[in-house]
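**Student:** Okay, here's the prediction I keep looking at, along with the sequence it came from:
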Amino acid sequence: MTRPLPPLWRCPGCGRAFANRNQTHTCRPPASLESHFESKPPAIRALFDHLAAAIERLGPVTILPERTRIAFQVRMSFAVAMPKRRWLDGHLVLARRIEHHRFRRVETFSPRNHLHAFRLNRPEEIDAEFRKWLAEAYAVGAQEHLR
C-alpha cells in the first residue's frame, strides 16, 4: 500500500508551498506573469501560453512567476520557462536521463533528478514527443517517482 505524501509546507515569509519543510529558496514575493513578457514580442507570449496549456492538460498545476523564470509546480517544480526576445528557454526535471538532440544540455543531480534544458522557437515544437516528456516531468513534480 502506498503511503500518502505529507502536506506541503508553506514558507511564512513569501507564502510559497514546498514539498520539503524549510526548503532552501530565495524568499521574496512572486513577480507578475506579465512582467516576464514586457518588451517581448506577442509571439513569445503565445508560445508560452501554448506550453502552459500543454502542461495544464496534464492536471492541476501552479504557475509561479519568479524574478528570473516562470516555474510550474505540482508538489515540486518540474518545469521552467524563461521568455527571451526570440525564443523560450526552459527545462524539465525528469527521473531519468535522456540524451536527445532537442535537449541543449542535461545535468544530473541524483539518480532520479535530471534537468533537461530546452529551447522552443515555435508552438509546433510542443509535439507528441515533447508532450510525453512534459507528462514525465509532471509525474516528477507530483513526486510519483518516489513511491
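**Tutor:** That came through fine. Numbering: from 1, shown residues only.

**Student:** how about the helices of this structure, start to end?
**Tutor:** 42-56, 128-141 (DSSP state H).

**Student:** What is the last one packed up against?
**Tutor:** Contacting helix 128-141 under the criterion 3 or more Cβ pairs under 8 Å, 6 or more residues apart in numbering; DSSP states H and E are the following elements: helix 42-56, strand 77-83, strand 88-94. To be clear about C-beta, it is placed using only N, CA and C from the backbone, and glycine gets the same treatment.

**Student:** now these as JSON lines including distance to residue 101?
**Tutor:** Shown next, in JSON lines, are the helices and strands packed on helix 128-141 (distance: least, Cβ to Cβ, whole Å):
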{"stretch": "helix 42-56", "distance to residue 101": "19"}
{"stretch": "strand 77-83", "distance to residue 101": "19"}
{"stretch": "strand 88-94", "distance to residue 101": "15"}
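
**Student:** so can I have JSON lines of the ones you listed showing mean pLDDT?
**Tutor:** Formatted as JSON lines, the helices and strands packed on helix 128-141 follow (pLDDT from 0 to 100):
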{"stretch": "helix 42-56", "mean pLDDT": "98"}
{"stretch": "strand 77-83", "mean pLDDT": "96"}
{"stretch": "strand 88-94", "mean pLDDT": "98"}
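
**Student:** For residue 14, find the nearest of those.
**Tutor:** Of all the helices and strands packed on helix 128-141, strand 77-83 sits nearest to residue 14, with 14.1 Å by Cβ to Cβ.
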